[in-house]
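Participant: What would the 3D arrangement of this be:
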Amino acid sequence: MTMGERRYFGTDGIRGEVGTHPISPDFILKLGWAAGRAFRREGQANTMLIGKDTRLSGYMFESALEAGLSAAGMDVRLLGPMPTPAIAYLTRTFRAAAGIVISASHNPHHDNGIKFFSADGTKLDDALETRIEQWIDSELAVVPAGDLGKAARIDDAPGRYIEFCKSTVPGQFSLEGLHLVVDCAHGATYHVAPAVFRELGARVTAMGAEPDGLNINDGCGSTAPEAMRQRVLETGADLGIAFDGDGDRVIMVDQTGREVDGDELLYIIARERHDAGGLDGGVVGTLMTNLGVELALGRRGIPFARAKVGDRYVMEELVNRRWQIGGEGSGHIVCRDRTTTGDGIVSALQVLVAMHQRECGLAELLSDVARLPQETVNVRVGQRFNPDNYEGIQSAVRAAESELGERGRILLRASGTEPVIRVMAEGEDADHIGRVARELADVVQREAP
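Facilitator: Coordinates of the predicted model:
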């Protein structure tokens, strides 16, 4: 069974609408049992951690997973609401067999999902996900009553993770004198992120820190940073930091309210590592990373490579190249020299370290980055298809690339979740690239099967 043939796992676990297969309590119970069978090893640690974000449905799925894992003979440690990267970290420190995250990340409350981390705190490889799917297709068999797994709650999980986050910056580093607006998206960072920045000396204005199970990502957080921007301007804060619902993404705004996305944050972190002599290799972005960021890295002699869109592919490219820093415009940034997965709080701290080291504001760290205008047109088609296989489309792409020259890019990619072809043009003139994108979109619409 290859990744393309898998029925349940996507590029980031299993996700969907609550109550609709496979995000239903009966399936999640079976998934817990299947994961327990896949990870259980005689004579080894047979404990799995379960953490979740703040969605109301998390209670239901936590119980279902617990029951399934126990039926497979696995002990369970419940973390409660915790950021996704915290679960990766705690899985390592507790020497657990694996960690499970109940979260739909930046999606609204009516969605939920399940993600897994290996004992090393990394996303599962294809072989392990395939093995879990094979067990899902097997008949559920409960271990003998004396071998059932036990469950317990880890009460000090938030404190452990707060200390870890602080350990990723120099020992004498201080945020004293900085006023930060911290938007937790009413999600999993609500009780952790404000504490991290306060304990490092910052004055913190917290928002999006009152989850009710239904308001996660609702008009707040990294996918809706306007409210944070307004709060920064109203309070005169030095900058704003916004996380998504499960805490693996971060977006910032500077003191003028200008948004700083993941591409730019990636540049700041990479340049700081490079100038300090601590950048091992280059930087991995995605096909969507702004060309202006690539050019700015190139001017500093920092190698850059593009992966397919998705944190899974960024991590694969980093591992293959043995590089340390990578990320996406969405704010999912991986600092492999600090942790094993994308971590919004850790990434934000690395940016704050750069500000501290250079004694400047966020905007000044980007003074040598000239973002190029980027226009994306979504073309809805009757069925999914690969635009690379259609000569009429490719001929139009080649003509557009010739028109834009070396300081422009064209990218066509099929959506992985809906019958849509995304047509992106990037270049120096916004009106020009807008026209190019629309003309290409018209070609795609005409040539589509």
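
Participant: list the buried ones in stretch 88-106?
Facilitator: Using 16 or more other CB atoms under 10 Å as the test for burial, stretch 88-106 gives 88-92, 94, 96-106. Just so you know, the C-beta spots here come from the backbone N, C-alpha and C atoms, and that holds for glycine as well.

Participant: from those residues, which ones fall inside strands?
Facilitator: Within those, residues falling in strands by DSSP state E are 98-102.

Participant: Need the residues you listed in TSV (columns: distance to Ser415).
Facilitator: Output for those, formatted as TSV (distance: CB to CB, whole Å):
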residue	distance to Ser415
Ala98	30
Gly99	29
Ile100	27
Val101	24
Ile102	25
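
Participant: what helix or strand is the closest residue in space to Ala206 that isn't next to it in sequence on?
Facilitator: Nearest residue to Ala206 in three dimensions, chain neighbours excluded: Pro194, at 4.3 Å (CB to CB, 6 or more residues apart in numbering). Element membership for Pro194 (DSSP states H and E) is helix 193-199.

Participant: Likewise for Leu352?
Facilitator: Per DSSP H and E: Leu352 is located in helix 344-358.

Participant: Distance from the chain centre to that helix, please.
Facilitator: On the basis of CA atoms, centre = their mean, to the nearest Å, helix 344-358 sits 18 Å off its chain's mean C-alpha point.

Participant: do stretch 320-331 as well
Facilitator: Relative to the centre of its chain, stretch 320-331 is centred 11 Å away, using CA atoms, centre = their mean.

Participant: tell me the mean pLDDT for it?
Facilitator: Averaging pLDDT along stretch 320-331 gives 97.

Participant: start at 632 instead
Facilitator: Fine by me, first position is 632 from now on; the one you just mentioned is stretch 951-962.

Participant: pull the CA atoms of it into PDB?
Facilitator: Extracted C-alpha coordinates of stretch 951-962, given in PDB (Å, rounded to 0.1, in the frame of the first residue of the first chain):
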ATOM      1  CA  ASN A 951      17.700  14.500   3.000                       C
ATOM      2  CA  ARG A 952      20.000  17.500   2.800                       C
ATOM      3  CA  ARG A 953      21.000  17.400   6.500                       C
ATOM      4  CA  TRP A 954      20.000  21.000   6.900                       C
ATOM      5  CA  GLN A 955      18.500  22.600  10.000                       C
ATOM      6  CA  ILE A 956      16.100  25.400   9.100                       C
ATOM      7  CA  GLY A 957      13.000  25.300   6.900                       C
ATOM      8  CA  GLY A 958       9.400  26.500   6.700                       C
ATOM      9  CA  GLU A 959       6.400  27.800   4.900                       C
ATOM     10  CA  GLY A 960       4.700  31.200   4.500                       C
ATOM     11  CA  SER A 961       1.900  30.000   6.700                       C
ATOM     12  CA  GLY A 962       4.300  30.300   9.600                       C
END
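
Participant: Provide a list of residues in contact with Ala703.
Facilitator: By CB atoms under 8 Å, 6 or more residues apart in numbering, Ala703 lies in contact with 663-668, 671, 774, 780.

Participant: ok, now how distant is it from Lys661?
Facilitator: Going from Ala703 to Lys661 by CB to CB, to the nearest Å gives 10 Å.

Participant: Same question for Ile1024.
Facilitator: 42 Å.

Participant: what do you get for Arg1066?
Facilitator: 52 Å.

Participant: Give me the buried stretch members for the helix or strand hosting Leu660, please.
Facilitator: In the assignment (DSSP H and E), Leu660 maps to helix 656-670. Within helix 656-670, the residues that qualify as buried are 656, 658-670, counting by 16+ other CB under 10 Å.

Participant: and what of stretch 938-958?
Facilitator: 938, 940-949, 952, 954-958.

Participant: Looking at the residues you listed, which are in helices?
Facilitator: Members of the buried residues of stretch 938-958 lying in helices (criterion: DSSP state H): 942-949, 952.

Participant: The residues you listed into TSV, with extra columns for distance to Arg967?
Facilitator: Shown next, in TSV, are these (distance: CB to CB, whole Å):
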residue	distance to Arg967
Asp942	12
Arg943	14
Tyr944	15
Val945	10
Met946	8
Glu947	12
Glu948	11
Leu949	6
Arg952	11
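
Participant: Tell me if I'm right that Ala717 and Tyr792 touch.
Facilitator: Yes. The pair Ala717 / Tyr792 is scored as a contact, 4.0 Å apart, by CB atoms under 8 Å.

Participant: Overlap in contacts, these two.
Facilitator: Counting by CB under 8 Å, 6+ apart, the contacts common to Ala717 and Tyr792 are Val823.
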